[in-house]
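Student: build me a structure from this.
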Amino acid sequence: MEKNNIKVIKFGGDCLSDSKHILKAVEIILSEKQFPVVVVSAMEGITDLLLNGIIKAKGKETNVNETISTLTEFHYNITQESIKNDKVFNKTIQIFTKLIKKVERLLYGVSYTEEITDAVKAYILSYGERISAAILSGVLEDHGTESTVIETDKIGLITDDNFDQAMVNLEEFKRNFNFHAHSIYNAGIIPIFTGFFGSSAEGKVTTFGRSGADYSASVIAYGFDATELEIWKCCTGFTSADPDIVKDAVIIDKLSYFEAAELSYFGKRILHPLTIEPIATQEIPISVKNLCDPKGKGTLIITEAYVEENVVKSISQNDDIAMIRIHGTGIGYKPGLIKSISDALSANGINIFSTLSSQTTINLIIENNFAEEALEILNSFKGKIIEKINFVRNIALIAVIGEGLLRKRGIFGRILNAVSHEKVNVEMASGGASEVAIYIIVPKEELYEVINALHKEFIKP
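Tutor: Have a look, this model is predicted:
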């Protein structure tokens, strides 16, 4: 199997939202000159439907019928509009009806036991991708092209035991998948992989969280040693700022792996935060493209650094954060304290975005909805060294991102100067933690003004 013969093509849920979009996706697959390996998300809104169905099933058995009826009607209508051949249509209906029947049994199980385990929740949610893959396969058959659905919990895509934010064991996957990869390629039949989920070592379904199919596609590209990963969405991709905040934001033509990884943690999160990791060692480029504008300019993500004249490529933000402040006169001299704090929060599923420390204070940036829980956990550390712990809300973290930031003189000063012109106080600033990003924290109510000021300063005066 030669690397240059395979392209992995991933379609997000918004690309499979109706028959019009599905037919565009099929057109892209059939026009591909290389061997196309397809990865799909659940159709738009289906993961939320299943999630709500799980919650409702626990409360009342009769709610199961409502969820199943909606699930069936939605997929039936899309299949009817997308497939013209009666034989192919009936075959496709039979396949996804069996899948929905399994969802129904699982939801009744939740209703009877009145219990929602993480394992059962992950298993039910995986059916969104299983159904969309089956329908896309039927549409391809309707166009005279043979395809095969490959469910990612059955190919050795082994993850850790985290059911809703899992990470793949890449080395084990590579060993497990090598035979599958050669068999799939040699068969010459278009494979359609289910995104979003894998399985633990014990064989239980685990999921990768929102936009998890991006990560799945990257893992599959890694497994095939593909020449390219192409990710289709119904949005403009990476831009110089959030278009909802900056009206004249522009599409970014090219990003390095590091820049894309930083941007994936902020703002609208165009890609799943772990998308870059699997393919980085193989230097597989990623193209992010817009299905609603297939001939339009997308963003190419490559390993090589590319420095713009003004250095800064994007101003991004996260306004759903809180800052935990841990105070103590000797806190900076305590070896291993930050690790102990991090481990305690991680054990409870709380991710730390950033850590800033001094001799008397440790500042932790976390998701806003975890603030009270984190405070409760960290109160157990209060004692001889830690004197006080509190948290600050109504703040926003802004990231100024671009290759060459740390080597360009005066950038930090220009950032602070642009913010000061808006008469906004910078609560905290950090540079050096990443070679391609400088972070500042400002009051949340000043976010729009600050981002527009920085965009004007560096990107579009």
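
Student: can you tell me which residues contact residue 353?
Tutor: Residues in contact with residue 353, defined by Cβ atoms under 8 Å, 6 or more residues apart in numbering, are 265, 318, 321, 365-367, 397. C-beta here means a position set from N, CA and C on the backbone, and glycine is covered the same way.

Student: helix/strand/coil for it?
Tutor: Here residue 353 is strand, with the state taken from DSSP: H, G, I helix; E, B strand; the rest coil.

Student: is residue 305 in contact with residue 405, as I believe?
Tutor: No. Counting by Cβ atoms under 8 Å, residue 305 sits too far from residue 405 to count as a contact (11.1 Å).

Student: these two: which is more packed in?
Tutor: Using other Cβ atoms under 10 Å, the more surrounded residue of residue 305 and residue 405 is residue 405, with 23 against 15.

Student: quick one, what contacts the more buried one?
Tutor: 311-312, 411, 431, 435-438.

Student: next, give phi and psi for it.
Tutor: Main-chain dihedrals, residue 405, degrees, to the nearest 10: phi -60, psi -40.

Student: go on, residue 33?
Tutor: phi -80, psi -30.

Student: which regions of the chain sit below the pLDDT cut-off?
Tutor: Along the chain, the parts satisfying pLDDT under 70 run over 1-4, 332-333, 384, 432-433, 461.

Student: which parts of it are helices?
Tutor: Assigned by DSSP state H, the chain shows helices spanning 19-31, 46-59, 63-82, 86-113, 118-125, 127-142, 170-187, 212-224, 257-263, 276-280, 337-346, 371-378, 411-421, 447-458.

Student: elements contacting the first one?
Tutor: Contacts of helix 19-31 with other secondary structure elements, assessed using 3 or more Cβ pairs under 8 Å, 6 or more residues apart in numbering; DSSP states H and E, are made with strand 6-11, helix 63-82, helix 127-142.

Student: run the angle between that helix and helix 63-82 for me.
Tutor: Per axes from the mean of the first three to the mean of the last three Cα atoms, to 10 degrees, the angle that helix 19-31 makes with helix 63-82 is 60 degrees.

Student: report the distance from helix 19-31 to the chain centre.
Tutor: Helix 19-31 sits 23 Å away from the centroid of its parent chain (Cα atoms, centre = their mean, to the nearest Å).

Student: try the third one
Tutor: How far helix 63-82 lies from its chain's middle: 26 Å, per Cα atoms, centre = their mean.

Student: which residues does the residue most central in space within the chain contact?
Tutor: With the centre of the chain defined as its mean C-alpha position, the nearest residue by Cα atoms, centre = their mean is residue 272, 2.0 Å away. Contacts for residue 272 (Cβ under 8 Å, 6+ apart) come out as 208-215, 264.

Student: look up how far residue 441 lies from residue 124.
Tutor: Computed as Cβ to Cβ, to the nearest Å, the residue 124 to residue 441 distance reads 38 Å.

Student: hang on, I meant residue 72
Tutor: From residue 72 to residue 441 the distance is 48 Å (Cβ to Cβ).

Student: between those two, which is the more surrounded one?
Tutor: Comparing residue 72 with residue 441 by other Cβ under 10 Å, the one with more neighbours is residue 441, at 22 against 18.

Student: I'd guessed that one sits against residue 394; true?
Tutor: No. Using Cβ under 8 Å, residue 441 makes no contact with residue 394, being 10.9 Å away.

Student: in stretch 69-82, what counts as buried?
Tutor: 71-72, 74-76, 78-79, 82 (16 or more other Cβ atoms under 10 Å).

Student: residue 346: which of the helices and strands packed on helix 19-31 is closest?
Tutor: Closest of those to residue 346 is helix 127-142, at 27.7 Å (criterion: Cβ to Cβ).

Student: so which bits of the closest one are buried?
Tutor: Going by neighbour count (16+ other Cβ under 10 Å), the buried part of helix 127-142 is 127-142.

Student: do the same with stretch 443-455
Tutor: For stretch 443-455, by 16+ other Cβ under 10 Å, it's 444, 446-455.

Student: which one of the residues you listed is nearest residue 258?
Tutor: Distances from residue 258 to those, taken by Cβ to Cβ, are shortest for residue 454, at 19.7 Å.

Student: I'd assumed residue 416 was in contact with that closest one.
Tutor: No. Using Cβ under 8 Å, residue 454 makes no contact with residue 416, being 10.4 Å away.

Student: could you say which of the helices of the chain is packed most deeply?
Tutor: helix 212-224 (a mean of 28; mean count of other Cβ atoms under 10 Å).

Student: angle of that helix against helix 127-142?
Tutor: Using the same axes, to 10 degrees: helix 212-224 against helix 127-142 is 60 degrees.

Student: what is helix 212-224 packed up against?
Tutor: Secondary-structure packing of helix 212-224 (3+ Cβ pairs under 8 Å, 6+ apart): strand 6-11, strand 35-40, helix 170-187, strand 190-194, strand 197-200, strand 228-233, helix 276-280.

Student: list the contacts of the last one.
Tutor: It stands for helix 276-280. Outside helix 276-280, the residues that touch it by Cβ under 8 Å, 6+ apart are 168, 170, 215, 218-219, 221-222, 229, 257, 260-261, 264, 286, 301, 303.

Student: repeat that with 10 Å
Tutor: By Cβ atoms under 10 Å, 6 or more residues apart in numbering, the surrounding residues in contact with helix 276-280 are 8, 167-168, 170, 173-174, 214-223, 225-226, 228-229, 255-262, 264, 284-286, 301, 303.
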